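Colleague: I'll drop the sequence and a predicted model, then ask my questions.
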Amino acid sequence: MQPGPLNLITDIAGLRVGNAHYDSLKSGTTVLVGDAPFVASVAVQGGAPGTRETDLLAPDKSAPGVDALVLSGGSAFGLAAAQGVMDALHEAGRGFPVLSARVPLVPAAILFDLLNGGDKAWGANPYPALGRAALNSADIDFEIGSAGAGTGAQTAQHRGGLGSTSLVLADGVTVGALVAVNPLGSVTTPSGRHFWAASAEFGDEFGGLGPDPARGWQSPPESRKLEAMMRAGGTTGPATGAGSNTTIAIVATDAALTKAQCHRVAVAAHDGIARAIQPAHTPMDGDLVFSAATGAVMLRAPDLQLAEIGHAASLCLARAIARAVWAATPAPRDTLPTLREAL
């Protein structure tokens, strides 16, 4: 396995990614769109998800594919980003045919970034416009770090962000990941100088900091995020953080997969979250992974190849999480430093 030419999810032919954000808002939206509809499924492992149209991704549901997937900040307000994407796709003639009608299918997931120092005193909900803008900017090359859905994301210790990676397997199948990193947990070891995902790194894609030299079990560091959110929200007293976190991701492949096989890949990809974030999948995180397949490459040994695709998806996702945090950049009114500032 080796990363693809861009080391982005768009190394999979036919997929494009677009970002949009408002600096003052400290929030944004990311859209993955296909040149044609693609097969998709989802697996939710966190206890506090926020989603739109994910039920139709179950293997027993009738929708054969989707037109786009949306990752957004804004908590429940951010689900409206999918409406902006849906409207723009409808205007372009895209959508699932129902007799003479066409209905674009745009599942979405959101993260909580309402207490990160940004101005959230909006009048009209800004996320439909952000969704439309993200779709309009979609391309094979796109920004990671403090961009799109990762603009206002935070981890337990540092600013979060948007990350992406890819792998080309020995059989020619390409796998990629796209993730907005906003967990309760930490992506770095207690020293703050090494990623939990260090063993999965290719080259210096997230700084080449290497594994933590400390031996044995290390308890995750205490969260600075909850305290920062309490200060931003003018709150005192116990901080539960309920529903105030989430790592949301998309893993994709050019293999020809069924919805059931896509679901298995999404389940396997969650191992990447567990590799890269501690703790992961908590009751206060909405950890969710979409899985997408464009169908360009037919599988010769489906069971064995599916196992390798799932493993590669977990590696891509772990790397993308670390890459998101490494690429984050500082901005005015930040409540947490970037990792590079803290080193």
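Modeller: Perfect, I can see it now. Numbering: from 1, shown residues only.

Colleague: residue contacts, Val265?
Modeller: 41, 251, 253, 257, 291, 293, 306, 309-310, 313 (C-beta atoms under 8 Å, 6 or more residues apart in numbering). For the C-beta atoms, the positions are set from N, CA and C on the backbone; glycine is no exception.

Colleague: the same query, at a cut-off of 6 Å, please.
Modeller: 291, 309-310, 313 (C-beta atoms under 6 Å, 6 or more residues apart in numbering).

Colleague: quick check, nearest of those to Gln154?
Modeller: Ala313 (24.8 Å; C-beta to C-beta).

Colleague: SS state for that closest one?
Modeller: helix (DSSP: H, G, I helix; E, B strand; the rest coil).

Colleague: so it touches Thr174, yeah?
Modeller: No. Counting by C-beta atoms under 6 Å, Ala313 stays clear of Thr174, with 11.1 Å between them.

Colleague: the more surrounded of the two?
Modeller: Shown here are Ala313 and Thr174; by other C-beta atoms under 10 Å, Ala313 has more neighbours (30 against 24).

Colleague: how about the contacts made by that one?
Modeller: Counting by C-beta under 6 Å, 6+ apart, Ala313 has contacts 175, 251, 265, 268-269.

Colleague: among the residues you listed, which two are most distant?
Modeller: Longest span within those, C-beta to C-beta: Val175 and Ala268, 10.7 Å.

Colleague: and those two? Which one has more around it.
Modeller: Between Val175 and Ala268, Val175 has the larger neighbour count (other C-beta under 10 Å), namely 31 against 22.

Colleague: secondary structure element for that one?
Modeller: strand 174-182 (DSSP states H and E).

Colleague: which helices and strands does that strand pack with?
Modeller: strand 161-168, strand 246-255, helix 302-327 (3 or more C-beta pairs under 6 Å, 6 or more residues apart in numbering; DSSP states H and E).

Colleague: show residues contacting that strand.
Modeller: 4, 9, 11-12, 71, 111, 149-150, 153, 160-168, 245-254, 309, 312-313, 316-317, 320-321, 324.

Colleague: buried ones in it?
Modeller: 174-182 (16 or more other C-beta atoms under 10 Å).

Colleague: just the CA atoms of it, as CSV, please.
Modeller: Provided in CSV are the C-alpha atoms of strand 174-182 (Å, rounded to 0.1, in the frame of the first residue of the first chain):
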residue,chain,number,x,y,z
THR,A,174,-7.9,2.9,-4.2
VAL,A,175,-9.3,3.8,-0.7
GLY,A,176,-9.5,7.2,0.8
ALA,A,177,-10.8,9.1,3.9
LEU,A,178,-12.2,12.5,4.6
VAL,A,179,-12.8,13.6,8.2
ALA,A,180,-13.8,16.5,10.4
VAL,A,181,-12.1,16.1,13.8
ASN,A,182,-13.9,17.5,16.8
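
Colleague: strands paired with it, and their directions?
Modeller: strand 161-168 (antiparallel), strand 246-255 (antiparallel) (DSSP bridges).

Colleague: quick one: mean pLDDT over stretch 263-280.
Modeller: Mean pLDDT, computed over stretch 263-280, is 96.

Colleague: quick one: the helices in the stretch 1-150 of the chain?
Modeller: 81-91, 127-136 (DSSP state H, counting those that start in this stretch).

Colleague: please identify the deepest-packed of those.
Modeller: helix 127-136 (a mean of 24; mean count of other C-beta atoms under 10 Å).

Colleague: can you check what angle separates it from helix 81-91?
Modeller: Relative orientation of helix 127-136 and helix 81-91, computed by axes from the mean of the first three to the mean of the last three C-alpha atoms, to 10 degrees: 50 degrees.

Colleague: excluding chain neighbours, what is closest to Gly47?
Modeller: Sequence neighbours aside, Pro283 is the residue nearest to Gly47 in space, at 3.6 Å (criterion: C-beta to C-beta, 6 or more residues apart in numbering).

Colleague: and if you look at Gly118?
Modeller: Nearest to Gly118 is Lys26, by C-beta to C-beta, 6+ apart, at 2.7 Å.

Colleague: number of residues surrounding the one you found?
Modeller: Neighbours of Lys26 (other C-beta under 10 Å): 26.

Colleague: am I right that it is in contact with Leu115?
Modeller: No. At 10.0 Å, Lys26 and Leu115 do not qualify as touching, with contact defined as C-beta under 6 Å.

Colleague: residue ranges with poor pLDDT in the stretch 51-200 of the chain?
Modeller: Across the stretch 51-200 of the chain, nothing is flagged by pLDDT under 70.

Colleague: so which residues of it form strands?
Modeller: In the stretch 51-200 of the chain, the segments counted as strands under DSSP state E, counting those that start in this stretch are 51-52, 66-72, 96-98, 101-103, 108-110, 161-168, 174-182.

Colleague: as CSV, the ones you listed with distance to Ser199 would be great.
Modeller: Below are those laid out as CSV (distance: least, C-beta to C-beta, whole Å):
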stretch, distance to Ser199
strand 51-52, 31
strand 66-72, 26
strand 96-98, 42
strand 101-103, 44
strand 108-110, 27
strand 161-168, 14
strand 174-182, 16
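
Colleague: looking at the ones you listed, spot the one closest to Val85.
Modeller: strand 66-72 (5.4 Å).

Colleague: what does the closest one rub up against?
Modeller: Under C-beta under 6 Å, 6+ apart, the answer for strand 66-72 is 29-33, 37, 40, 78, 81-82, 85, 89, 94, 104-108, 110, 149, 180, 248, 250, 290.
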